[in-house]
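> The following block contains a protein sequence and its predicted model.
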Amino acid sequence: MAAPLTRPAKTPPPRAASPSDGPAAPKSSGGPGARRGQRRAVTLFMVPFFALFTAVTVLPMFYAAWMSLFREESSGLGFGGTERVFAGFGNFTEALTNEAFLRSFGHIAFYCVLYIPAMVGGALVLALLVDSAMARARRFFQIAYFLPHAVPGLIASLIWLYLYTPGLSPITDVLDALGANWNFFGQDEAIYSVVNISAWQWTGYNMIIFYAGLQAVPREVLEAATVDGSGALRTALQVKVPMIRPTVVLTLLFTCVGAIQLFDAPKLVQLRANTMGEDWSPTMFIYTAAFKGHDYGLAAASSLLLALVAGLLSFVVTKLGNRWKAS
C-alpha cells in the first residue's frame, strides 16, 4: 500500500504592524559629533557664570586668606614707616579674643530673635490673606507689598532715618500728640529701629515667595478640606502652611545668612544712635578695622571667620528644616 502524500507546511505571511503595537523605536540621529556639540553648548553657557563666580567670590576669598596671614607693624615710634610681617594665625587669634567682635555676634543674635519671627511671620500671614478666597485685587496687593523691596537698602535706611528724627518726622509728632515718649535712637530702642527698617524692606519680597508656593498647592486638596468641614483658618494652618514647608525653610536659610551680613541699616542708625558704636555688627567691625583702623589683616581674618559662621549657620538651618519637612 502506497504511503499517503503529505503537503508541505505553508509559511505564514508576514504580519503587518498594527497601531496597537506602538511606534517603532526612533533611530538615534545623534552620533558622537552631536553629543560633542551638545557638551560644547552646555560649557559655553556655563563659562560666564563660573568666570564671574571666580572673579567676585573665589579670588577675593583667596586674597583675603593671604592678607589674613600678615600684619602691618610700624618702627621707629611710628616715624619709620610700616612694614608687612608674617603673623600666621595671629590675626585670627586677635579676632577671636576681641570683645567687640564677639559682642557684635551677640547683637546679631538678638536682632535675629526679633527680626526673623516678625518678618517671616508677617510675610506668611500676608501671603495667606492674599491667597484666601475672599481676597480681591490680588495683583494690586502683590505690587503694593513688593514696592518697599524695590527701594535700595541704603535709600530705605535714609528714609527711615528721617522718619525717626524728632522735629522732622510726622511719626514722632503723632507720638508726641498721643503722649507717647519713644526715642528711636535710644540705647534700648535703637535695635527695634533697625529691625523695623529690615522688616519693612523684606516682608513684601518674602510674601511674594510664599504666595508663589501657595499657588502650587493642589486645588483639589483645598476642596477636600472644605468638604470635610475645615474652616478658612484651619485650612490655612493645617493644610496650606505644611504644604509649603520647603519654601519656608529656604526663606529662613536666606534670612539667616542675610541677617549675619547686616550693615546698611545699623550703620546709618548709628549716626544718630551713638550708643550703638561703630562695631555693632560683624560687618561694621570689619569695615571699621579695615578703613578706619587700617588693620587689613584683622579685617581679612574677621571676614573669613564671618564666612565660616555663615556656612555653619546655613548647615544648621538646613538640617533643622529637613527634619521639620520630614516630620
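All right, it came through fine. All of these numbers come straight from a predicted model, not from anything done at the bench.

> Tell me who's in contact with the closest residue to Thr247 other than its chain neighbours.
Distances taken as CB to CB, 6 or more residues apart in numbering place Gly213 nearest to Thr247, at 3.7 Å, with adjacent residues excluded. C-beta here means a position set from N, CA and C on the backbone, and glycine is covered the same way. Contact partners of Gly213, counting by CB atoms under 8 Å, 6 or more residues apart in numbering, are Ala127, Ile244, Pro246, Thr247.

> What about the second one, how many residues nearby?
Residue neighbour count, defined by other CB atoms under 10 Å, stands at 23 for Ile244.

> Is it correct that it is in contact with Phe210?
Yes - assessed by CB atoms under 8 Å, Ile244 is found in contact with Phe210 at 6.5 Å.

> Low-confidence stretches in the stretch 101-250 of the chain?
For the stretch 101-250 of the chain, the stretches with pLDDT under 70 are 133-136.

> how about the helices of it, start to end?
Secondary structure of the stretch 101-250 of the chain by DSSP state H, counting those that start in this stretch: the helices cover 138-150, 153-164, 170-177, 190-215, 219-227, 232-235, 241-243, 245-259.

> Most tightly packed of those?
With neighbours taken as mean count of other CB atoms under 10 Å, those reach their highest mean count in helix 190-215, at a mean of 21.

> returning to that earlier point: pipe the helices of the stretch 101-250 of the chain into a markdown table and attach distance to Ala310 per row.
Output for those, formatted as a markdown table (distance: least, CB to CB, whole Å):
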| stretch | distance to Ala310 |
| --- | --- |
| helix 138-150 | 22 |
| helix 153-164 | 18 |
| helix 170-177 | 34 |
| helix 190-215 | 17 |
| helix 219-227 | 36 |
| helix 232-235 | 37 |
| helix 241-243 | 27 |
| helix 245-259 | 5 |
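
> Need the max-distance pair from the contacts of Gly213.
Ala127 and Pro246 (14.6 Å; CB to CB).

> just to confirm, which helix or strand has Val85 in it?
strand 82-86 (DSSP states H and E).

> What distance do you get for the residue nearest to Thr247 to Val47?
From Gly213 over to Val47 the distance is 33 Å, taken as CB to CB, to the nearest Å.

> cool, and Leu304?
Taken as CB to CB, the span from Leu304 to Val47 is 28 Å.

> same check, this time on Phe62
In terms of CB to CB, Phe62 sits 20 Å off from Val47.

> In contact with Ala65, which residues are there?
Residues near Ala65 by CB under 8 Å, 6+ apart: Ala300, Leu304.

> In which helix or strand does it reside?
helix 59-67.

> Could you do Glu72 as well?
Take DSSP H and E as the rule and Glu72 turns out to sit in strand 70-74.

> And that strand, what's buried?
Within strand 70-74, the residues that count as buried by 16 or more other CB atoms under 10 Å are Phe70, Arg71.

> partner strands of that strand, parallel or antiparallel?
Each strand paired with strand 70-74, and its direction, by DSSP bridges: strand 82-86 (antiparallel).

> can you tell me the average pLDDT over the partner strand?
For strand 82-86, mean pLDDT is 79.

> For the helix or strand that contains Leu320, name the packing helices and strands.
Using DSSP H and E, Leu320 maps to helix 296-326. For helix 296-326, the packing partners by 3 or more CB pairs under 8 Å, 6 or more residues apart in numbering; DSSP states H and E come out as helix 59-67, strand 70-74, helix 90-96, helix 245-259, helix 282-291.
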